[in-house]
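Engineer: Structure for this input, please:
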Amino acid sequence: MRTVALVVAILLGVAAAIGVRSYMVRQQRETQQKYSPVPVATARRSIEAGEKLDPDMFEFTLNKPANTLTTQDITRDQIDAYVGRELRRPADRGKQIFAGYFIEREERGGSRILAEGMVAITIGVDSTSGVAGLVRPGDHVDIYATTIRSDVPETLLVLSDVTVMAVDDRVNEVPAGLPGYTRGRAGYSSLTLMVTPKNAELLVYLKSTARLTFALRSLQDIGKPLTGMPVITEQNWRGLLGSDKRAPAPASP
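Structural biologist: Numbers count the residues shown, from 1 in each chain. Have a look, this model is predicted:
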């Protein structure tokens, strides 16, 4: 009986020793992984804001302990997600390239931006009809149509307080101060509007039968309906001169 107890005690001791050793090996491995150096992306040459990252621009000459890495650090297995993307700020030669240096890609598709029951329709504009390049995604506009009726031109308000969903292909405002990014984007050639299906049908018809002109709304007037807007014709336009007694708002200093 005493021999059996001794054997059991020895076996328990061996099992405990194996368990302790396994624990120590596991802890050592985890410690090594935690503090092992991880290469992060650095600039091989100076990179200007607006440039697109390509493989010749970066290298991995800086190592950081694994436990100090953040979401801003770009490692070898992450770099492919940044190649081809534009930088919003410059990166100096030999310095680390951080994730926050890049212009965010638009992650939401157009259908995700649309409100329920609404559709998107794109209208071509020029510098005059499109408010001289002042419209930005998220702005609200009023839409006027000039048509010919009985050989006489007339202008009328078609839709008011319409949300601009996109300017050209931009659904977000572009970052300012990026020569490489904004080159060729000072103006735009189309506005995409968020409207009801019936109003979309109306605009599709008017695109081919009338000249559409957009008027930009102030932030203070968003949501306010336009009332008492007459149809402007050759017969009445003179009588409407000076009928709006509201004084123009003072210019901002």
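
Engineer: so where do the helices sit in the stretch 1-150 of the chain?
Structural biologist: Assigned by DSSP state H, counting those that start in this stretch, the stretch 1-150 of the chain shows helices spanning 2-35, 110-113.

Engineer: Go through those helices and find the least confident stretch.
Structural biologist: Set side by side, the helices of the stretch 1-150 of the chain differ in mean pLDDT, and helix 2-35 is lowest with a mean of 62.

Engineer: all helices of the stretch 151-253 of the chain, in order?
Structural biologist: Going by DSSP H, counting those that start in this stretch, the stretch 151-253 of the chain shows helices at 179-182, 197-209, 237-240.

Engineer: excluding its backbone neighbours, what's nearest residue 84?
Structural biologist: In space, residue 84 comes closest to residue 52 once its chain neighbours are excluded; the distance is 5.7 Å by Cβ to Cβ, 6 or more residues apart in numbering. Every C-beta, even on glycine, is put in place using the N, C-alpha and C of the backbone.

Engineer: Let me see the contact set for that neighbour.
Structural biologist: 84, 85, 86, 87 (Cβ atoms under 8 Å, 6 or more residues apart in numbering).

Engineer: how near is it to residue 88?
Structural biologist: Per Cβ to Cβ, to the nearest Å, residue 52 is found 12 Å from residue 88.

Engineer: re earlier: show me how to select, in ChimeraX, the buried members of the contacts of residue 52.
Structural biologist: Selection of buried members from these for ChimeraX, criterion 16 or more other Cβ atoms under 10 Å:
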select :86,87
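
Engineer: any idea which of the contacts of residue 52 is closest to residue 218?
Structural biologist: residue 86 (31.9 Å; Cβ to Cβ).

Engineer: and that closest one, how far is that from residue 99?
Structural biologist: Between residue 86 and residue 99 the computed distance is 13 Å (Cβ to Cβ).

Engineer: Okay, now the unreliable bits of the protein?
Structural biologist: Where the chain drops to pLDDT under 70, the residues are 1-2, 4-25, 27-35, 104-112, 172-186, 231-253.

Engineer: ok, 50 please
Structural biologist: Within the chain, the ranges that satisfy pLDDT under 50 run 107-108, 177, 180-184, 247, 249-253.

Engineer: Which strands or helices does the lengthiest strand in the chain pack on?
Structural biologist: Determined from DSSP state E, the single longest strand within the chain is strand 152-167. Identification of packing neighbours for strand 152-167 by 3 or more Cβ pairs under 8 Å, 6 or more residues apart in numbering; DSSP states H and E yields helix 110-113, strand 119-124, strand 140-149, strand 190-195, helix 197-209, strand 232-233.

Engineer: Dump those to JSON lines, plus distance to residue 131.
Structural biologist: Below are the helices and strands packed on strand 152-167 laid out as JSON lines (distance: least, Cβ to Cβ, whole Å):
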{"stretch": "helix 110-113", "distance to residue 131": "21"}
{"stretch": "strand 119-124", "distance to residue 131": "12"}
{"stretch": "strand 140-149", "distance to residue 131": "8"}
{"stretch": "strand 190-195", "distance to residue 131": "9"}
{"stretch": "helix 197-209", "distance to residue 131": "17"}
{"stretch": "strand 232-233", "distance to residue 131": "19"}
